[in-house]
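Engineer: please work out how this folds:
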Amino acid sequence: MRKIILSFLLVLLPTLTFAAGGGVHLDKADIDLHNNQSLQRGAKLFMNYCLSCHSAQFQRYNRMARDIGLTDDQVIENLMFASDKVGSTMTIAMSRADGKAWFGAAPPDLSLVARSRGADWLYTYLRTFYVDESRPFGVNNVVFPSVGMPNVLWELQGVQKPVFKTVEHDGESKEVLDHLELAEPGTRTPAEFDKDVRDLVAFLAYVSEPVQLERKALGVKVILFLLVFLVVAYLLKKEFWKDIH
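Structural biologist: Sure, this is the predicted structure:
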């Protein structure tokens, strides 16, 4: 049994390491998928700052409206900029070829990014862009070094600059990133920006699996049923075998 458990953990180890962001500390996103107001704010941010380059091709506008407490008319009026049909999926006009030519790689579809990366990774990633003039778009990222994406939320967050420190390793001194500090404030305070990113990550987590709340609720019901059935099955077993020694 121990060998089976050990083998299972060894299989999961690369996935766990990847989810942890390669050893970088990840801040807790602390999202709430039951909070429709948060999901609505996140949807607005996604439509305004992400959908021009990143699609979410497995999500339909009218499904999103129903799930996060909006009407079709509200979605059409406030959230639909890339399509005129409320039943269409969240696609973009930019082709993959154009995306590769402009950014070096085609911007990925974000339908499943919260499942592949994790909410904490996304929350930390979107908040840790910093100035790096050596990069094509003038920014780098703590969680995703040498990132090829510009910081699309810079107007909200402001501009962060890196602060380095000197450490000794194997008798040699080298400069490592210590922390980021705000060089130019944005239109939002740091606390407000953190809340904005949390809302955006919550929306991406919803998009990655729209039925997850129903699935989890059903799972609780199934477990409760199995527990009740276990008691009934045990009592039946005792009754059937009481005269057999």
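
Engineer: kindly spell out which helices and strands sit in contact with the strand ranked longest in the chain.
Structural biologist: If each strand of the chain is counted by residues according to DSSP state E, the longest one is strand 172-185. Helices and strands touching strand 172-185, as assessed by 3 or more Cβ pairs under 8 Å, 6 or more residues apart in numbering; DSSP states H and E, comprise strand 158-169. Using the backbone N, CA and C atoms, a C-beta is placed for each residue, glycine as well.

Engineer: re earlier: in the longest strand of the chain, which residues are buried?
Structural biologist: residue 180 (16 or more other Cβ atoms under 10 Å).

Engineer: against residue 171, how distant is residue 96?
Structural biologist: Going from residue 96 to residue 171 by Cβ to Cβ, to the nearest Å gives 48 Å.

Engineer: which of the two has more neighbours?
Structural biologist: residue 96 (12 against 5; other Cβ atoms under 10 Å).

Engineer: any stretches of this structure with poor pLDDT?
Structural biologist: Scanning the chain with the threshold set as pLDDT under 70 gives 1-22, 82, 245.

Engineer: the longest strand of the chain pairs with which strands, parallel or anti?
Structural biologist: Paired neighbours of strand 172-185 in the sheet (DSSP bridges): strand 158-169 (antiparallel).

Engineer: other residues contacting the strand it pairs with?
Structural biologist: Contact with strand 158-169 is made by 128-132, 140, 173-186, as judged by Cβ atoms under 8 Å, 6 or more residues apart in numbering.

Engineer: picking up where we left off before, and the longest strand of the chain, C-alpha only, in PDB?
Structural biologist: Extracted C-alpha coordinates of strand 172-185, given in PDB (Å, rounded to 0.1, in the frame of the first residue of the first chain):
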ATOM      1  CA  GLU A 172      30.300  34.400  -5.400                       C
ATOM      2  CA  SER A 173      28.100  37.400  -5.100                       C
ATOM      3  CA  LYS A 174      25.100  37.900  -7.300                       C
ATOM      4  CA  GLU A 175      22.100  40.200  -7.500                       C
ATOM      5  CA  VAL A 176      18.700  38.700  -6.900                       C
ATOM      6  CA  LEU A 177      15.200  40.200  -6.900                       C
ATOM      7  CA  ASP A 178      14.200  41.200  -3.400                       C
ATOM      8  CA  HIS A 179      10.800  42.900  -3.900                       C
ATOM      9  CA  LEU A 180       8.900  45.300  -6.100                       C
ATOM     10  CA  GLU A 181       8.000  48.800  -5.200                       C
ATOM     11  CA  LEU A 182       5.500  51.200  -6.800                       C
ATOM     12  CA  ALA A 183       7.400  53.800  -8.800                       C
ATOM     13  CA  GLU A 184       4.300  55.500 -10.400                       C
ATOM     14  CA  PRO A 185       0.900  55.100  -8.900                       C
END
